[in-house]
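Undergrad: no FASTA, just this:
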Ligand SMILES: Nc1nc2c(ncn2[C@@H]2O[C@H](COP(=O)(O)OP(=O)(O)OP(=O)(O)O)[C@@H](O)[C@H]2O)c(=O)[nH]1
Ligand SMILES: [Mg+2]
C-alpha cells in the first residue's frame, strides 16, 4: 500500500458488472491532464461542472460521457479528482481505465481514494471506516449509524475527550516543570474530579457501544432441532427464498446454510443446521457436529419443535412451534412456514430478545476497534485516578504517563497516531474504486 499522493491513480468506482452508468475515477496531480487526453473536449474543464463529451480515439472504444472535474482541495481525496460517467459496460469502463493508464495513471489499490482523503486530512480514520461501513450496510439502521459516523459524531465525541485530556496533561506538565510552585497549575482535588468526569464520559460512550456494535456487526441466529421438524422451511420463509433444500426425508440438511436478513433493522445472519439425532451415517454425523458448533457460537438459537419434545432450557434458546397449520400442540411461538402464520411475531420476538428496541438516541461508537481503544483509555485514566488520589504522594510523572497512554489510545481511534500496518489493514478491507 502506498502512503504517498504523488502519483495519479485510476479505478472503476461502480460495482463489477453491467449497469445503466459506470463511473471511472482518477485522482492525483495529473488527473485533469489524463482525462483531458482521452476526451474530445479540447479546452480546460470547468470546476465541479458536468461536461457532456465523447471519448476520443485514445481509448480503444468510443462513448458519450459526462466528465466532472473536482480540483484540489475541494474533492473527495483532497487532490485533483476527475470522474467520468460512461455507459455501464465493463468493456467501456476497462477501456477508459487502460487509456488513463497509458496516459500516466496507475491502477488504484482497494481503498486508496479514501486513504488519500485520510492522508490529506479531509477525513479522520473514524470517518474513513464509516465510508466502508456505509457501503457494507445491509440494513437502514446500519446505514444511518455509518452516516452519523461519517458526518463526524464519533469524531466529535472523541475530540471532546482528547481536548479535556490535552488540557489536563498540559497543566500537569507545567506543575512538573515548575515543581517549586507545587500543584499551582492543577490542584490535586481538581485533578481527581477532572479524571472522574473523564472516566465517566468515556465509560458512557463505551456502554453505548454495545448497542452500536450490535447494529454494525449484526447477530448470528441458529435454527436447530430434530430432523424433519421444519427448520429449513422456516429458514427459507425468513429469508424469503427457497435457499435450503426441503424434503419430507428426515436428515435432509447436512451442511450449514446461512443467509443475511434484515430483522427490524438488525443485520441477522440466519444459519440453518442439520437435524440433531444419533446416527451411524458419517456424513450426517458430521452435519450434526456442525449443528452443535453453530448452536454454540450463535447469539440466539431458535429451537424448532413440531411435537411435545423436551427442550434444554438456556438463556439464548427460543422455542418455536413449527407447522402451526397442522394444529400441533401449543408451545413457544407458533409459526407455519406453509402459511406464513406467526412469522412476524417470530421476527418481533427475535429483535426483542436481542435487545434492539428502537434506537432512540443512536450510539456513537459502533466499531470494535474503537471500543477496544476506549477501554484502554478508561484503564489508563483509572490508573491515573488511583495514583492521583493515593495517600502517599505519587510523583506526577506517573500520573502523566497514564494520561499520555490514554491520549495515545484516543489518537489511535481518530488515526492521528496510527501505525502504517494498522492503516494498511483498515484500507485493504475497502473495495477498489473507493
Ligand atoms: N404443513 C406444513 N408442513 C411443513 C411446514 N414446515 C415444514 N413442513 C414439512 O415438513 C417436512 C420437513 O421440512 P424441512 O424444512 O425439510 O425440515 P428440517 O427440519 O429442515 O429437516 P432436516 O433438514 O431433515 O433436519 C417437509 O415435508 C416440509 O414440507 C409447515 O409449516 N407446515
Ligand atoms: Mg433441513
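TA: Happy to help now that I have it. If you're wondering where the values come from, they're calculated on a predicted model, not measured in any experiment. Residues are numbered from 1 along each chain as shown. Ligands and ions are numbered 1, 2, ... in the order given.
Undergrad: Ramachandran angles for residue 106?
TA: phi -120, psi 150 (degrees, to the nearest 10).
Undergrad: Give me the neighbour count for it.
TA: 15 (other C-beta atoms under 10 Å). Where you see a C-beta, it was placed from the backbone N, CA and C, and this is true even at glycine.
Undergrad: Then the one 10 residues further on?
TA: Residue 116 is flanked by 25 other residues according to other C-beta under 10 Å.
Undergrad: where's it, which helix or strand?
TA: helix 112-119 (DSSP states H and E).
Undergrad: which secondary structure elements does that helix contact?
TA: strand 9-12, strand 19-27, helix 125-136, helix 420-427 (3 or more C-beta pairs under 8 Å, 6 or more residues apart in numbering; DSSP states H and E).
Undergrad: Ligand 2: which of those is closest?
TA: helix 125-136 (29.3 Å; C-beta to the ion).
Undergrad: tell me the angle of the closest one relative to helix 420-427?
TA: Relative orientation of helix 125-136 versus helix 420-427 (axes from the mean of the first three to the mean of the last three C-alpha atoms, to 10 degrees): 20 degrees.
Undergrad: deepest of the helices and strands packed on helix 112-119, which one?
TA: Mean neighbour count (mean count of other C-beta atoms under 10 Å) peaks for strand 9-12 among the helices and strands packed on helix 112-119, with a mean of 25.
Undergrad: Okay, now the sheet partners of that one, with direction.
TA: As defined by DSSP bridges, the strand partners of strand 9-12 come to strand 19-27 (antiparallel), strand 106-107 (parallel).
Undergrad: what comes into contact with that strand?
TA: Residues outside strand 9-12 that contact it (C-beta atoms under 8 Å, 6 or more residues apart in numbering): 22-28, 34, 93-94, 97, 100-101, 105-109, 112-113, 116, 432-433.
Undergrad: picking up where we left off before, distance to ligand 2 and mean pLDDT for the strands paired with strand 9-12 - can I get that in CSV?
TA: Formatted as CSV, the strands paired with strand 9-12 follow (distance: least, C-beta to the ion, whole Å; pLDDT from 0 to 100):
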stretch, distance to ligand 2, mean pLDDT
strand 19-27, 36, 97
strand 106-107, 45, 97
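Undergrad: Let me have those in CSV, adding distance to ligand 1 as columns.
TA: As requested, the strands paired with strand 9-12 are exported to CSV (distance: least, C-beta to the nearest ligand atom, whole Å):
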stretch, distance to ligand 1
strand 19-27, 37
strand 106-107, 46
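Undergrad: how about these, which one is nearest residue 60?
TA: For these, proximity to residue 60 was assessed by C-beta to C-beta; strand 19-27 is nearest, at 13.9 Å.
Undergrad: quick check: angle from that closest one to helix 112-119?
TA: 40 degrees.
Undergrad: name the helices or strands packed onto whatever helix or strand residue 158 lives in?
TA: Assigned by DSSP H and E, residue 158 belongs to helix 153-177. If you count contacts as 3+ C-beta pairs under 8 Å, 6+ apart, helix 153-177 packs onto helix 125-136, helix 188-217, helix 368-388, helix 396-414.
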